[in-house]
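**Q** Please find the sequence and the predicted model below.
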Amino acid sequence: MARALLLQPKLLVLDEPSTGLAPLLVAEIFDIVQTLRRDLGVVSMLLTNEQLDSRCPRLSQWYEHWSTSWARRAGRQS
């Protein structure tokens, strides 16, 4: 992640950034990502299989809405 930030990107794609890390380090990674967004305007795309409820409540709400809407549409087409 540090090497990628040397280029001062506007978009940072993080693929499973917390895999295998202790919970304290995971919290630190997410704090860094939030600081980058807030202070430098860096947009982050996070790819993970972990539960996001506590770390990204807006993303979790969006996903819940999207998946529920998709399931309803798929049910109508059956």
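**A** Thanks, I have it. Numbering: from 1, shown residues only.
**Q** residues contacting Met1?
**A** In this structure, Met1 makes contact with 12, 14, 17, 29, 32, judged by C-beta atoms under 8 Å, 6 or more residues apart in numbering. To be clear about C-beta, it is placed using only N, CA and C from the backbone, and glycine gets the same treatment.
**Q** Leu21 reaches Ala27, doesn't it?
**A** No. Taking C-beta atoms under 8 Å as the definition, Leu21 is not a contact partner of Ala27, at 9.5 Å.
**Q** Just the helices from this protein, written as ranges.
**A** Under the criterion DSSP state H, the chain contains helices at 2-5, 23-35, 57-77.
**Q** Lowest average pLDDT across those helices?
**A** Between these, the one with the least mean pLDDT is helix 57-77; it has a mean of 66.
**Q** Might you report the residue contacts of the nearest residue to Leu12 once chain neighbours are set aside?
**A** The spatially closest residue to Leu12, leaving aside those adjacent along the chain, is Ser44, at 4.8 Å (C-beta to C-beta, 6 or more residues apart in numbering). Applying C-beta under 8 Å, 6+ apart, one finds that Ser44 lies in contact with 11-14, 33, 36-37.
**Q** Max pairwise distance over these: which two?
**A** Between all members of the contacts of Ser44, the longest pairwise span (C-beta to C-beta) is found for Val13 and Arg37 and amounts to 13.7 Å.
**Q** How about the contacts made by Ala22?
**A** By C-beta under 8 Å, 6+ apart, the contact set of Ala22 is empty.
**Q** Try it again at 10 Å.
**A** When the contact criterion is C-beta atoms under 10 Å, 6 or more residues apart in numbering, the partners of Ala22 are Glu28.
**Q** That one and Ile29, how far apart?
**A** The gap separating Ala22 from Ile29 is 11 Å, by C-beta to C-beta, to the nearest Å.
**Q** cool, and Gln8?
**A** Counting by C-beta to C-beta, the gap between Gln8 and Ile29 amounts to 19 Å.
**Q** neighbour-wise, which of these two wins?
**A** Neighbours were counted for Gln8 and for Ile29 using other C-beta atoms under 10 Å; Ile29 has more, 16 against 8.
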